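> Provided below are the primary sequence and the corresponding predicted coordinates.
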Amino acid sequence: TRSFSSEQPEDTERLKELKKNYTSEASLNEEEMKGLGLAMKKLQEVKDKLAEGTDTAEVLNGVEEVIGFFHGGTAHAAGSQGEMAIRPTEIGLQTLSEARFLAGSLCQHLNRWTEALEHFSAALRDCADFAAKVPAFYFGCGTSHAVLGNLEPAIKYLQKCKEMLTEEELEEMPSMRVSIPLQIGQCYVRFGNYSNAIEALKEVLALEDEKHGRRKGPRAAAHYWMAVAYGAKGLHAEAVANFEIFDRMVKDGHVDPTYLEDHWERQFAFRRVSSLLISAGSQSSTEKTDSACKPGFALC
């Protein structure tokens, strides 16, 4: 069994070959047809409940019932493998991939990140021809891996999502222009690759207009993580400059804690003072390599 911590984005072209094994709906037996019909009906019901504002956990239970139709009733086995109770058809796999995405998203909302990752990963495995075409599945895997601390696969999935998004999709979801490089930059900081982190975060700060997703919360976070990266590299003057910008944005109420680390206020105060003292004591800081860098403060 493949470990999530080492899992790589799937090869879309290879997985498309799975489509050759599809069964036509007409070839399904009576029991399979009944199961597919019930799954599709149930999925629509839970989508309606979600739109009505029904409790998230209740909606998730309904989505897991949908998944159970395809896996012989194992509704709560998020990563169910083995023979499917309904042979794969185009409509069936579209229904299952949609259910997996909804389940993964709901699990993230409930902070059930391991289950979320299992749902997104299962979609890429079981519904490859559909899920592998949708950047959101890679984004779901990437963000789940990041929260779980699996930084290398998190970066790979987020990069894959970024590569797949078309200009048209980015026009419809401008916040993704900011969110993806910000999360990639944060992962690189936590991973210890500070040069790559700075490059990713510069991309966030380069987005200057509202049309392309300029929002003050992510921009403040980009300055924060860039300051952390510069400080870890020994470039404390640059760290101080970014901390000062972040501090002004904090005072203006432009900080969104969801883009930062736990206890960020304490971490910010300590790191800022450390960089100020070091910068004041040595105006000619020497840049360190990523591999040799040992920051004088704990990363999240």
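Looks like it arrived, so ask away. Residues are numbered from 1 along each chain as shown.
> all contacts plus neighbour counts: C-alpha atoms, from now on.
OK.
> gap between residue 133 and residue 37?
Using C-alpha to C-alpha, to the nearest Å, residue 133 is found at 25 Å from residue 37.
> Pass me the low-pLDDT residue ranges in the chain, would you?
Applying pLDDT under 70 to the chain flags residues 1-26, 72-86, 88, 208-215, 282-300.
> Which residue ranges of it form helices?
12-16, 30-51, 56-70, 90-109, 113-126, 128-131, 135-148, 151-164, 167-172, 175-191, 194-205, 216-232, 236-251, 264-281 (DSSP state H).
> Let me know which of those is tucked in deepest.
Of all the helices of the chain, helix 216-232 has the most neighbours on average by mean count of other C-alpha atoms under 10 Å, namely a mean of 26.
> For that helix, what is the distance to the chain centroid?
19 Å (C-alpha atoms, centre = their mean, to the nearest Å).
> tell me the angle it makes with helix 264-281.
Between helix 216-232 and helix 264-281, the angle comes out at 40 degrees (axes from the mean of the first three to the mean of the last three C-alpha atoms, to 10 degrees).
> Can you add distance to residue 257 and give the helices of the chain back as a markdown table?
Below are these laid out as a markdown table (distance: least, C-alpha to C-alpha, whole Å):
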| stretch | distance to residue 257 |
| --- | --- |
| helix 12-16 | 35 |
| helix 30-51 | 26 |
| helix 56-70 | 23 |
| helix 90-109 | 16 |
| helix 113-126 | 19 |
| helix 128-131 | 31 |
| helix 135-148 | 14 |
| helix 151-164 | 20 |
| helix 167-172 | 24 |
| helix 175-191 | 13 |
| helix 194-205 | 17 |
| helix 216-232 | 8 |
| helix 236-251 | 10 |
| helix 264-281 | 8 |
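> so which of those helices comes closest to residue 258?
Residue 258 sits nearest to helix 216-232 of all the helices of the chain, at 9.0 Å, using C-alpha to C-alpha.
> give the contact list for residue 275.
Counting by C-alpha atoms under 8 Å, 6 or more residues apart in numbering, residue 275 makes contact with 231, 236-237, 239-240.
> rerun that using 10 Å as the cut-off
Applying C-alpha atoms under 10 Å, 6 or more residues apart in numbering to residue 275 gives the contacts 227-228, 230-232, 234-241, 243, 281, 296.
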